[in-house]
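Student: Generate a structure from the sequence data that follows.
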Amino acid sequence: MGASALKQARMEFKTTEETKNLLSEAAQLSGVDLTAFVINAAADRARSVLAEMSMLKLNAEEHARFVQALSNPPQPTQALRQLMELPELPMR
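Tutor: As a prediction, this is how the structure comes out:
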């Protein structure tokens, strides 16, 4: 998000005085205000979590089994064929 982005969303939360003091001190030492410090740290962590959850990490044996399963999928069962014949559910 660019520095010139219009900020309209508001977030409020409570914390302990100890945590607020800790964050305030770290923000000051970083040369930013408390809001910028907290938002930047939270956004960095959110990007990290999302990136981690979007990757599939496999060792060599797991990778080989995964490729094998993709290359040679099992035949669909009768239950799967019946499921695939059902109408699509509406999207929310």
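
Student: Following the helix of greatest length in the chain in sequence, what is the next regular element?
Tutor: The single longest helix within the chain, with elements called by DSSP state H, is helix 34-53. Counting by DSSP states H and E, the next helix or strand C-terminal to helix 34-53 is helix 60-71.

Student: Show me the contact partners of that following helix.
Tutor: For helix 60-71, the surrounding residues in contact (Cβ atoms under 8 Å, 6 or more residues apart in numbering) are L56, L58. (C-beta placed from N, C-alpha, C; glycine too.)

Student: do stretch 36-56 as well
Tutor: Stretch 36-56 is contacted from outside by M1, L23, A26, A27, S30, V32, F66, using Cβ under 8 Å, 6+ apart.

Student: What sits closest to the third one if chain neighbours are left out?
Tutor: The reference is to A26. Spatially, and ignoring its direct neighbours in sequence, A26 is nearest to F37 (6.3 Å; Cβ to Cβ, 6 or more residues apart in numbering).

Student: What count of nearby residues applies to that neighbour?
Tutor: By the criterion of other Cβ atoms under 10 Å, F37 has 19 neighbours.

Student: same thing with V38?
Tutor: 19.

Student: Please compute how far stretch 32-41 lies from its chain's middle.
Tutor: Relative to its chain's centre, stretch 32-41 lies at 20 Å (Cα atoms, centre = their mean, to the nearest Å).

Student: what does stretch 75-86 give?
Tutor: Using Cα atoms, centre = their mean, the offset of stretch 75-86 from its chain centre is 32 Å.

Student: What mean pLDDT does that stretch get?
Tutor: Across stretch 75-86, pLDDT averages out at 94.

Student: Just the buried positions in that stretch, please.
Tutor: Applying a neighbour-count criterion of 16 or more other Cβ atoms under 10 Å, stretch 75-86 contains no buried positions.

Student: Would you mind extracting the C-alpha trace of stretch 21-28 into PDB?
Tutor: Output of stretch 21-28 as PDB, limited to C-alpha atoms (Å, rounded to 0.1, in the frame of the first residue of the first chain):
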ATOM      1  CA  ASN A  21       4.700   0.700  26.300                       C
ATOM      2  CA  LEU A  22       6.700  -2.000  24.600                       C
ATOM      3  CA  LEU A  23       5.200  -1.200  21.200                       C
ATOM      4  CA  SER A  24       5.600   2.500  21.800                       C
ATOM      5  CA  GLU A  25       9.300   2.200  22.700                       C
ATOM      6  CA  ALA A  26       9.900   0.000  19.600                       C
ATOM      7  CA  ALA A  27       8.100   2.400  17.400                       C
ATOM      8  CA  GLN A  28      10.100   5.300  18.700                       C
END
